[in-house]
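In: any chance you can model this:
(one chain, ligands or ions: 1)
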Amino acid sequence: MQNDLFGASEPVGQAESTEVLAKRLRAELNQHGYNYYTLDAPTIPDAEYDKLFKQLQTLEEQYPELKTSDSPTLRVGGAPLPEFSQVQHSVPMLSLNNGFEDEDVFAFDRRAREGLGLTIADTTTEIEYAIDLKFDGLAINLRYVNGVFAQAATRGDGYTGEDVTENIRTIRSIPLRLHTDKPPAILDVRGEVLMFKSDFDRLNQRQRDAGGKEFANPRNAAAGSLRQLDSKITAQRSLRFFAYGIGSLEGAALPASHRELLEWYREMGIPVCEEKANVRGPQELLDFYRQVQDKRSQLSYEIDGVVYKVNRFDLQERLGFVSRAPRFAIAHKFPAEEALTTVLDIEVQVGRTGAITPVARLAPVFVGGVTVTNATLHNEEEIQRKDVRVGDTVIVRRAGDVIPEVVASVLEKRPAQTEIFRLPQACPICGSQIVKPEDEAIARCSGGAIKCAAQRKGALFHFASRKALNIEGLGEQLIEQLVDKNVVVTAADFYKLGLMALAELDRMAEKSAQNVLDALEVSKSTTLPRFIYALGIRHVGESTAKDLALHFADVEALMAANEEQLLRVNDVGPVVAKSIVSYFADALNVELVRQLIASGVNWPKIEKVDLSTAVFAGKTLVLTGTLPSLSREQASALIEKHGGKVSGSVSKKTHFVVAGEDAGSKLLKARELGITVLSEEELLALCAG
Ligand code: 5U1
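Out: Now for the predicted structure:
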């Protein structure tokens, strides 16, 4: 067979046999796929990949005998199956014991020490543990025969699972042939199939657009995608895989430890997670657990804890199993982020800009480490889409510090005679009409801050909040009373408050009233960005307020600006420009600014910066470690003065990382991503021009 598939423009040297060509295309495509999906470092443009793929497909159609089981063309899915067949696991896929409290971790370590004959008192010989993340997905066994992917099975009951080979083949990051010259005769790789959060959001958007059913969470989406008899559907869902264990191994030596096993996997192209640690002793286990807990929300995928394993396999073997779970490993779980409860009522809340938020009042439920009684339903569209009703059993989610939300109703548990929830037509606070522009998801009370006490309270609370004028002691409850008693109408009234008026309020004594007055006095010395932010103009957040302050350097100039002038400000688009103009078109708002200034609110003069030519214009910088002379605040102010933005975390969007002494993971990440790292000296030099 001779190759006639390459175009004349593509030099092929000596004529290549179709067999060799197919082999080369497979190898090239597999390598490019690995670079793209596993290393996240594509080496050819997508169009070029597609071209090679098409070539191989055409070749295989012409010569079906050339098709091999490691061909990337099989990743698009095959004919639907009538049912999944059963697979016996040659080594059972057992589950892990769980721990929740610190004490469970100390007890795990104690048992391991006892099992290995180490005395409890001897803290000089702490056990080495390997820690990995506990992925919230589905456990899978991948079987490689002589280095070629041959079969995949779900965990099932641990002894028998379902054959999901064709579905797993569609997962691009799973190698169809191991990257090694000396593959084991049999290798069972154990790990988890999961869906990244971004892929989950995209999938649900697609489901919404198609009028299909949404998935409640990435785990359900991964399970639903994998348990498809039609692997072509699985192929359209972005699934990932991380390896964490081993079943059968024949024809190769087992590495000496868990960490070395995962390193071996990595070398063979099998995806393993980079978030990991090897530590000694239980205290270090707990330290890592807390580190992971802190960064959990920033991970691209969901986890529900971490897994601790005695690192050395010989020690694992000595420890063995107790009633179907290993004694050498434990899952240390985070508090559950989702729980079931019932909706007692649905009310609407009115925000400072009049936004109407439906809120579900819930039967108390412990979730994410706290008892939750309210959860947001976001807006009318969301509530209609999810069709949440009073009486429903719902899944409530509280992730980290995020406001609890209702994820979905459990329809099977819906009682008879529930009613579809409809937003009221009038504001429950001021009775003004609720309006919803066609192109917006959010309905609003049309009363404004003057008519609607809820908006007034929200605006005043925003004005006093930490990132605005930071008036200590002027919290929600106090503002509520001040508004209800008609003592305060606008923020300017705060500065007219006297000791008596404050001391008369509930839960206020003369001392605390004086503290509030002192805090009000302190708050008068502020900055222009804080002042602009404090006004609570719709769409003007902290960052836009900074840009506006740097651009106009003066509040009078900002108040006088028209849309065209505002559009020249960094990051200000038509919506923001319109909102600012409409805010200052209201004489009451202009009067508020004048009154605040007359009460003594002031800020240091700002040097006007031309953001279009400033050295860090449009750039994002991250500070890490201790700088030799500048404090964090000083360095941030300097960067902002030169047009840059300061962010807390390093990502592909970061332009520079400014590193000082003891810089930690942010510096490592910057190096990994190839981001330019600046010293304080270099930062100062760049700013000096
Ligand atoms: N990360 C990780 N998850 N996980 C689950 N490691 C791990 N190990 C497991 C399980 C069931 O079992 C081992 C005993 C292989």
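In: please count neighbours and contacts with C-alpha atoms only from this point.
Out: OK.
In: and after the strand or helix carrying residue 666, which helix or strand comes next?
Out: According to DSSP states H and E, residue 666 maps onto helix 665-673. Next along the chain after helix 665-673, taking DSSP H and E as the criterion, comes strand 676-678.
In: pairing partners for that following strand, with directions?
Out: strand 656-659 (parallel) (DSSP bridges).
In: right, and residue 680 touches residue 625 too?
Out: No. Residue 680 lies out of contact with residue 625 (Cα atoms under 8 Å); the separation is 10.7 Å.
In: and the pLDDT at the closest residue to the ligand within the stretch 551-689 of the chain?
Out: Going by Cα to the nearest ligand atom, the ligand is nearest to residue 665 of the stretch 551-689 of the chain, at 21.3 Å. Looking at residue 665, its pLDDT reads 76.
In: spell out which parts of the stretch 301-450 of the chain neighbour the ligand.
Out: Residues of the stretch 301-450 of the chain lying close to the ligand (Cα under 6 Å from any ligand atom) are 307, 326.
In: name the helices or strands packed onto the lowest-mean-pLDDT helix or strand in the chain?
Out: Using mean pLDDT, DSSP states H and E, helix 665-673 stands out as the lowest-scoring helix or strand of the chain, at a mean of 84. Under the contact definition 3 or more Cα pairs under 8 Å, 6 or more residues apart in numbering; DSSP states H and E, helix 665-673 sits against strand 656-659, strand 676-678.
In: could I get those as TSV with distance to residue 208?
Out: As requested, the helices and strands packed on helix 665-673 are exported to TSV (distance: least, Cα to Cα, whole Å):
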stretch	distance to residue 208
strand 656-659	38
strand 676-678	41
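In: tell me the most buried of those?
Out: strand 656-659 (a mean of 23; mean count of other Cα atoms under 10 Å).
In: show me where pLDDT drops low in this protein?
Out: Residue ranges of the chain with pLDDT under 70: 1-15, 120, 123, 609, 611-612.
In: which residue ranges make up the domains of it?
Out: Domain assignment for the chain by automatic domain parsing gives 18-76, 128-333, 338-413, 447-523, 528-598, 620-687.
In: and these: which comes nearest residue 85?
Out: Ranking the domains of the chain by their distance to residue 85 (criterion: Cα to Cα) puts domain 128-333 first, at 5.4 Å.
In: first-to-last residue distance for the closest one?
Out: 20 Å (Cα to Cα, to the nearest Å).
In: stretch 180-188 too?
Out: Taking Cα to Cα, the first and last residues of stretch 180-188 lie 16 Å apart.
In: now what about stretch 450-465, what contacts it?
Out: Under the contact criterion Cα atoms under 8 Å, 6 or more residues apart in numbering, stretch 450-465 has outside partners 350-354, 429-430, 432, 448-449, 468-472, 474-476, 479-480, 483-484, 489-491, 534-536.
In: can you give me phi and psi for the closest residue in space to residue 137 that isn't next to it in sequence?
Out: Counting by Cα to Cα, 6 or more residues apart in numbering, residue 194 is the residue found nearest to residue 137 once chain neighbours are left out, at 4.5 Å. The phi/psi pair for residue 194 (degrees, to the nearest 10) reads phi -150, psi 170.
In: residues contacting the residue of the stretch 551-689 of the chain closest to the ligand?
Out: With contact set as Cα under 8 Å, 6+ apart, residue 665 has no partners.
In: neighbour count for residue 680 and residue 625, which is higher?
Out: A direct count of neighbours by other Cα atoms under 10 Å for residue 680 and residue 625 places residue 680 higher, at 19 against 16.
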